[in-house]
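In: Here is a sequence with its predicted model. Questions after.
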Amino acid sequence: RWASSSSNQYPFPAHPHPTPHQIFHLPSSAPQEDIKARYYELVRMYHPDSPLSRSVSPETAEARFHAISAAYKILQGKSMDPGSPDIGLRQDYHNLSTAIWKERQRRRAELKVGMDDKWKDRLLLGSVLLVR
């Protein structure tokens with residue numbers, strides 16, 4: 001099946017920052033069942049491997065797919081709205097924890113590079129001398 005622009009009943013919003021309700025083409029009072037059903041429809045249509053997404057660049061298709069997934073999390077209440085003032089704090093916390101993790105990994109790598117097997121030789125030699 002080849003998808004054309006006229007067969008798409010839920011076109012992706014053209015403006016740069018659509019709200020989750022605009023992406024899903026649902027009113028703000030829509031029940032969770034409708035949101036879930038629309039999510040599955042949109043995922044089938046906008047998956048990067050779908051015929052509809054083949055008409056746009058791979059980067060655009062992937063960005064749309066991620067926007068749909070993020071909008072679904074927001075509509076389910078599992079994620080904060082990007083317009084919320086607390087989102088910056090959570091993002092900074094995530095970046096800080098990532099930076100701490102990377103620093104620890106770098107230090108561990110430095111410690112492992114400096115280690116060699118000379119300590120084993122010294123231990124063996126010391127135990128031989130101790131036994132004599």
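Out: Done, it's in.

In: With adjacent residues omitted, what lies nearest to Pro20?
Out: Nearest non-adjacent residue to Pro20, counting by C-beta to C-beta, 6 or more residues apart in numbering: Ala71, 3.6 Å away. Backbone N, C-alpha and C define where each C-beta goes, glycine included.

In: Isn't the one you found up against Leu26?
Out: No. The criterion here is C-beta atoms under 8 Å, and Ala71 misses it with Leu26 at 10.1 Å.

In: Which one's more surrounded, these two?
Out: Ala71 (23 against 18; other C-beta atoms under 10 Å).

In: Helix or strand: which one has that one?
Out: Element membership for Ala71 (DSSP states H and E) is helix 58-76.

In: Centroid-wise, who is the farthest residue in the protein?
Out: The centre of the chain is farthest from one residue, Arg132, which by C-alpha atoms, centre = their mean lies 62.7 Å away.

In: That one: what's it in contact with?
Out: For Arg132, the contact set (C-beta atoms under 8 Å, 6 or more residues apart in numbering) is empty.

In: Next, work out how far apart it and Leu123 are.
Out: The gap separating Arg132 from Leu123 is 15 Å, by C-beta to C-beta, to the nearest Å.

In: swap in Ser55?
Out: As defined by C-beta to C-beta, Ser55 lies at a distance of 68 Å from Leu123.

In: More neighbours: which of those two?
Out: Looking at Ser55 and Leu123 with other C-beta under 10 Å, you find the greater number of neighbours at Ser55, namely 13 against 10.

In: Buried ones in the helix holding Ala71, by neighbour count?
Out: For helix 58-76, the neighbour count (16 or more other C-beta atoms under 10 Å) marks 61, 64-65, 67-68, 71-72, 74-75 as buried.

In: Closest one to Lys36 out of those residues, please.
Out: The closest of the buried residues of helix 58-76 to Lys36 turns out to be Tyr72 (C-beta to C-beta; 8.2 Å).

In: from memory that closest one sits against Tyr39, does it?
Out: Yes. With contact defined as C-beta under 8 Å, Tyr72 counts as touching Tyr39 (4.7 Å).
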